[in-house]
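Visitor: Here is my input, please return the structure:
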Amino acid sequence: MASPLVLVLVFIVSAVVGYFIIRQIPSLLHTPLMSGMNALSGITIVGAIIVVCETVECIDTYGGDFRYYLALILGGIALILAMINVVGGFGVTERMLKMFHHSKSSKGGK
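Guide: Presented below is the predicted three-dimensional model:
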């Protein structure tokens, strides 16, 4: 089982990587709020995967205790909700990019 210090370090590294990824996205493609929310959801996904994996390992090692199953359920819910948020963010980004796409029929009726 990973120590809490390792889990906190994983969280800090993911937050720093997410920040640097957000900084590289041009403002024409994303609003800062959308970029921030997608990155935070990505960090939540990584954290939820770690929680679920660690919980499954604890259940296999120590047996089924109520708190392990509670952590497994909460980690699964966090994973599902964060994935919905990321997919929705990409959907909104796709709609924004379509607004800037000019079709051939709008260029002088050709």
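
Visitor: Which residues belonging to the longest helix along the chain are considered buried?
Guide: Longest helix in the chain, counting residues (DSSP state H): helix 66-99. Within helix 66-99, the residues scored as buried using 16 or more other CB atoms under 10 Å are Tyr68, Ala71, Leu72, Gly75, Ala78, Leu79, Ala82, Asn85, Val86, Gly89, Thr93. To be clear about C-beta, it is placed using only N, CA and C from the backbone, and glycine gets the same treatment.

Visitor: roughly how far is it from the heart of the chain?
Guide: With CA atoms, centre = their mean, to the nearest Å as the basis, helix 66-99 stands 7 Å off its chain's centre.

Visitor: For it, the averaged confidence score.
Guide: Averaging pLDDT along helix 66-99 yields 81.

Visitor: Tell me the helices and strands packed up against that helix.
Guide: Using 3 or more CB pairs under 8 Å, 6 or more residues apart in numbering; DSSP states H and E, the elements in contact with helix 66-99 are helix 32-62.

Visitor: quick one: the residue nearest the centre of the chain from Leu5, how far?
Guide: What sits nearest the mean C-alpha location of the chain, by CA atoms, centre = their mean, is Gly42, with 1.9 Å. Remark: distance between Gly42 and Leu5 (CB to CB, to the nearest Å) = 22 Å.
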